[in-house]
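S.K.: what's the 3D shape of this:
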Amino acid sequence: MSGAGWFDRFETHDDRDGHDDRDGYDGRDGYDGYDGRAGEEARRHGSPSPGERPPGRRPPEDTGSGERESGPGGPDADGHGGPGGPGNDGRAGTGPGGHGGGAGDVQGGTGGDGPDPAPRIPTPRASVEDSGLPLPDLADLGDLAPVPLDLSHDVLKSLLGAWALAACSAAETAAVEEHLGGCGGCADEARRLREAVGLLHQPESLDLAPSLRTRVLEGCLSRRPPRIPVPDWAAPYDAETARLDALLQDFGDAEWHAPVRLRWFEADTATSRRTTVAGVIAHLLSVDGLIATALGLADPLAEVAGAADPGTLGPAGRTEAFWRASHFPPTRSVRGPWREQSHGLVRTVSFTGGHAGGLEVPYGDFALPLHDAMLDRAFECWVHAEDIAEAVDYPYQPPAPRHLNRMIDLAARLLPAVLAERRRAGLSEPGRRTPHLVPAGAPGRSLRLEIEGAAGGEWLIPLDSPAAVGSADLAVAHVALDGVEFCRLAAGHVSPEDAAVGQGGDRQAIRDVLYAAASLSRM
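M.R.: Now for the predicted structure:
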């Protein structure tokens, strides 16, 4: 087949489609019109380019199927492309930016430089404050109160639960409260619902419970018991030294030099001594040395100049010797030796397996068994920790109830001996019914000491002899007071006259016991 015959067939095909090839297509140049080169030529001559819409004509809308509506040059009624519009390429039968039907399977030229359509997304509005215009007056806004609601009785009754939980809107709350003023049945129901809300969730403090540490340690030890347990009578000392060390942990220089006044009773007279927080820790270090010496550990007063025999000194003498030996007032450096010594005491008594509890610990003019001495030091540690906390204005809680009960029990067991000592010193008189001491082991006059609180209990205190046995049948007086109050009385922080005591019976016996409890205190 020759090239001319093939070209004639192509022209005949175009004539059958109704295209005029004089302006739109002349063989090879027809493809140039498709790729845009013919459009540039047309612009230079002032005519629209192929596919360019004439000025003023609106582009056809998109039908949503990927094709645009038919225009001039679009598909006619029988499905063939109609005559092309201005700028059509004549072969494809495309309209202005549209798609010709007929045999034209080549897309028309792109549209020309017409005006862009308006954007569909509006721009953000500027704030009133940024416009420079004055803000409207509140009076011009009218009443800002919620619009009253006109609700039926059933609707208002259904809102009572939400109202009790404070979950209603302002308008609903106003409507419900107005209704409650005139409906007694709903008012009673609302009151019951409000009371029930209080049972749903009790308010909790954000502060940690004081017993949290003890409960956590107990839970840990119950799951894995220690290989070498701490004896029960040494546990209070271990706990109180740990609590005091935690209090001292974040102290600065100002806190270490804060003034502290030590208070105790001596010869029925309140006595005090001024020192610092560091001086209190030095006092605890020197007195704890009594137990350290009894256990064969290093004595902190061993190198103190002028102390010929530290073992013969009592608590006050050891403290004065330690303070005198310090060339400068004690500082934070005393905390390390004190904590190391307390760890050593607990570790040593634990290694003994609790069998050394009967070891005598000399206190100068008297002695205590080791298990009582450890309780005594735990009591002193707590009392002086409260002195320190008061000096730095920090709250401090009492010991755990089971530890506090052991301390109270020690004081109650020491009271008969103190009563006998006071009687020998002429500070108290024997009972009128028993002018002489009763035989050892025999029941005698007694005072029933009732301690209230979680650490409380009852003790029968013999009044006539330290070796006598307390008897409920021979009780002549009854004293009741709180456990912490009793400990403060025994520490000399509360005078017998000022102690909050409930009492009944022999007033002289009550006075003797209260003053004997205050006489347990020392520096």
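
S.K.: How about the secondary structure of residue 260?
M.R.: strand (DSSP: H, G, I helix; E, B strand; the rest coil).

S.K.: That one and residue 368, how far apart?
M.R.: To residue 368, residue 260 is 26 Å away according to C-beta to C-beta, to the nearest Å. C-beta here means a position set from N, CA and C on the backbone, and glycine is covered the same way.

S.K.: what does residue 271 give?
M.R.: Distance from residue 271 to residue 368, by C-beta to C-beta: 22 Å.

S.K.: Over to residue 381?
M.R.: 16 Å.

S.K.: Tell me which of those two has more neighbours.
M.R.: Neighbour count, other C-beta atoms under 10 Å: between residue 381 and residue 368, residue 381 has more, with 25 against 21.

S.K.: Skip ahead from the host helix or strand of the more buried one and say which helix or strand is next.
M.R.: Using DSSP states H and E, residue 381 maps to helix 370-391. Reading on from helix 370-391 to the C-terminus, the next helix or strand found by DSSP H and E is helix 401-424.

S.K.: which secondary structure elements does that next one contact?
M.R.: helix 235-248, helix 370-391, strand 443-452, strand 457-462, helix 483-490, helix 507-519 (3 or more C-beta pairs under 8 Å, 6 or more residues apart in numbering; DSSP states H and E).

S.K.: again, 10 Å this time
M.R.: On a contact count with 3 or more C-beta pairs under 10 Å, 6 or more residues apart in numbering; DSSP states H and E, helix 401-424 meets helix 212-223, helix 235-248, helix 370-391, strand 443-452, strand 457-462, helix 483-490, helix 507-519.

S.K.: what's the least confident stretch among these?
M.R.: Lowest mean pLDDT of those: helix 212-223, a mean of 85.

S.K.: now it against helix 401-424, angle please.
M.R.: Relative orientation of helix 212-223 versus helix 401-424 (axes from the mean of the first three to the mean of the last three C-alpha atoms, to 10 degrees): 110 degrees.

S.K.: Only the buried residues of stretch 459-478, if you could.
M.R.: 459-468, 470, 474-478 (16 or more other C-beta atoms under 10 Å).

S.K.: Nearest to residue 160, out of the residues you listed: which one, please.
M.R.: Proximity of the buried residues of stretch 459-478 to residue 160 (C-beta to C-beta) peaks at residue 478, which lies at 53.4 Å.

S.K.: ok, the closest one touching residue 459?
M.R.: No: in this structure, residue 478 is not within contact of residue 459 by C-beta atoms under 10 Å, at 11.6 Å.

S.K.: Low-confidence bits of the stretch 301-450 of the chain, can you list those?
M.R.: 303-312, 327, 430-437 (pLDDT under 70).

S.K.: same thing but 90
M.R.: 301-314, 317, 321-322, 324-332, 352-358, 364-366, 423-445 (pLDDT under 90).

S.K.: Could you measure from residue 241 over to residue 280?
M.R.: Distance from residue 241 to residue 280, by C-beta to C-beta: 13 Å.

S.K.: intersection of neighbour lists for those two?
M.R.: Common contacts of residue 241 and residue 280, defined by C-beta atoms under 10 Å, 6 or more residues apart in numbering, comprise residue 385.

S.K.: who touches the residue nearest to residue 461 when sequence neighbours are not counted in this structure?
M.R.: Distance criterion C-beta to C-beta, 6 or more residues apart in numbering; nearest residue to residue 461, sequence neighbours excluded, is residue 447 at 4.6 Å. Contacts for residue 447 (C-beta under 10 Å, 6+ apart) come out as 415, 419, 459-463, 470, 475-479, 503, 505-506, 509-510, 512-514.

S.K.: what are the ranges of the strands in this structure?
M.R.: 259-266, 269-276, 360-362, 367-369, 443-452, 457-462, 469-482, 502-505 (DSSP state E).

S.K.: Tell me which of those lies nearest to residue 192.
M.R.: Across the strands of the chain (criterion: C-beta to C-beta), the nearest stretch is strand 443-452, sitting at 36.3 Å.

S.K.: strand partners of that closest one, parallel vs antiparallel please.
M.R.: Under the criterion DSSP bridges, strand 443-452 sits next to strand 457-462 (antiparallel), strand 469-482 (parallel) in its sheet.

S.K.: Adding distance to residue 246 as columns, could you present those in TSV?
M.R.: Shown next, in TSV, are the strands paired with strand 443-452 (distance: least, C-beta to C-beta, whole Å):
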stretch	distance to residue 246
strand 457-462	29
strand 469-482	25
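
S.K.: count of residues packed around the closest residue to residue 407 other than its chain neighbours?
M.R.: Of all residues not flanking residue 407 in the chain, residue 379 sits nearest, at 4.6 Å (C-beta to C-beta, 6+ apart). The local packing of residue 379 (other C-beta under 10 Å) involves 25 other residues.

S.K.: show me the contacts for residue 379.
M.R.: 236-237, 240, 399, 403-404, 406-408, 410-411, 487, 490-491, 520.

S.K.: Just give me the closest of the residues you listed to residue 332.
M.R.: residue 240 (20.0 Å).

S.K.: Need the winner for burial among the strands of the chain.
M.R.: strand 443-452 (a mean of 20; mean count of other C-beta atoms under 10 Å).

S.K.: Just the angle for it relative to helix 483-490, thanks.
M.R.: 120 degrees.

S.K.: so what sits against both of residue 478 and residue 459?
M.R.: With C-beta under 10 Å, 6+ apart, residue 478 and residue 459 have common neighbours 447, 448, 449, 450.

S.K.: would you list the residues you listed in TSV and tack on distance to residue 426?
M.R.: Shown next, in TSV, are the shared contacts of residue 478 and residue 459 (distance: C-beta to C-beta, whole Å):
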residue	distance to residue 426
447	20
448	26
449	24
450	29
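
S.K.: Could you give the number of residues near residue 403?
M.R.: Count around residue 403 with other C-beta under 10 Å applied: 23.

S.K.: make that residue 350, sorry
M.R.: With other C-beta under 10 Å as criterion, residue 350 counts 16.

S.K.: Touching, it and residue 237? I think so.
M.R.: No: look at residue 350 against residue 237 with C-beta under 10 Å: they stay out of range, at 11.4 Å.

S.K.: Quickly list what's touching both of those two.
M.R.: Joint contacts of residue 350 and residue 237 (C-beta under 10 Å, 6+ apart) are 230, 231.

S.K.: Name the nearest residue to residue 442, sequence neighbours excluded.
M.R.: residue 468 (6.0 Å).

S.K.: Give me the contacts around stretch 185-199.
M.R.: By C-beta under 10 Å, 6+ apart, stretch 185-199 touches 153, 156-157, 159-166, 176-177, 179-181, 183.

S.K.: Quick check: residue 416 vs residue 492, distance?
M.R.: 20 Å.

S.K.: wouldn't residue 359 be in contact with residue 349 here?
M.R.: Yes: distance between residue 359 and residue 349: 9.3 Å, which falls inside the contact criterion (C-beta under 10 Å).

S.K.: Now do the shared contacts for these two.
M.R.: Counting by C-beta under 10 Å, 6+ apart, the residues touching both residue 359 and residue 349 are 291, 295, 370, 371.

S.K.: Any idea how many residues pack against the first one?
M.R.: This points to residue 291. Neighbours of residue 291 (other C-beta under 10 Å): 24.

S.K.: go on, the third one?
M.R.: Other residues within reach of residue 370, judged by other C-beta under 10 Å, total 23.

S.K.: For it, which non-adjacent residue is closest in space?
M.R.: Counting by C-beta to C-beta, 6+ apart, the residue nearest residue 370 is residue 359, at 4.1 Å.

S.K.: OK, contacts around that neighbour?
M.R.: 291, 294, 295, 349, 352, 368, 369, 370, 371, 373.

S.K.: separation between it and residue 372?
M.R.: 11 Å.

S.K.: Next: residue 259.
M.R.: Distance of residue 259 to residue 372, computed by C-beta to C-beta: 32 Å.

S.K.: again with residue 171
M.R.: Distance from residue 171 to residue 372, by C-beta to C-beta: 72 Å.

S.K.: Cool, thanks, talk later.
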